[in-house]
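> need the 3D shape of this:
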Amino acid sequence: MKEKNQQPLLIIEDSDEDFEALERMIIKAQISNPIYRCEDGEEALDFLFHEGEYEDESLSPRPSLIVLDLNLPGTDGREVLAELKQNQDLQTIPVVIFSTSSNPKDIDACYRQGISGYIVKPMDTQRLNQLVQTFLEYWFNVVELPSSVINN
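A predicted model of the protein is given here:
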């Protein structure tokens, strides 16, 4: 798979196992975009707003895509999404939810806030691989990202 852009990918995921599985599949798909990880909502907001340990913007470049788990410790993914989509400078960044929650209320609420996609983490490893391959193909070979993301 050959990527169209080299913009960073931000994965906000507290599970080491889920993050490592995503990372392995990204590498296997030969996507060389830089990958950044935040393990909880507070860290993600610091990363996105250049605060705390991420005050130096070189440590937290603007991502072209955010993969967000909803069920994070502390400030959860729902709160991160609300903050992100209320900020004029960040709201155009595509956000894809990657969560174990298949609750229709979560799905509806996230789409109302402007997410670009919602993927329920399957328990089956083969199905997970298929979903992530499709996700990677779509976001790194098919989609045109908004110019406000690429140019910032």
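> regarding the most centrally placed residue in the chain, what is its secondary structure?
Residue closest to the average C-alpha location in the chain (Cα atoms, centre = their mean): Val67, at 1.5 Å. Under DSSP: H, G, I helix; E, B strand; the rest coil, Val67 falls in the strand class.
> name whatever forms a beta bridge with the residue lying closest to it once chain neighbours are set aside.
Excluding the flanking residues, the one nearest Val67 by Cβ to Cβ, 6 or more residues apart in numbering is Ile11, at 4.7 Å. In this view, the C-beta of every residue, glycine as well, is placed from N, C-alpha and C. Ile11 forms beta bridges with Arg37, Val67, as assigned by DSSP bridges.
> wait, Ile11 sits on Glu20?
No. Counting by Cβ atoms under 8 Å, Glu20 is not a contact partner of Ile11; they are 10.5 Å apart.
> more neighbours: the two, which one.
Ile11 (22 against 12; other Cβ atoms under 10 Å).
> list the contacts of the more buried one.
For Ile11, the contacting residues are 19, 22-23, 35-38, 66-67, by Cβ atoms under 8 Å, 6 or more residues apart in numbering.
> likewise Phe47?
Neighbours of Phe47 in contact, by Cβ under 8 Å, 6+ apart: 10, 36, 38, 54, 60.
> avg pLDDT for stretch 103-120?
What stretch 103-120 shows for mean pLDDT is 96.
> what of stretch 135-150?
What stretch 135-150 shows for mean pLDDT is 74.
> swap in stretch 62-78?
94.
> I'm done for today, thanks for sticking with me.
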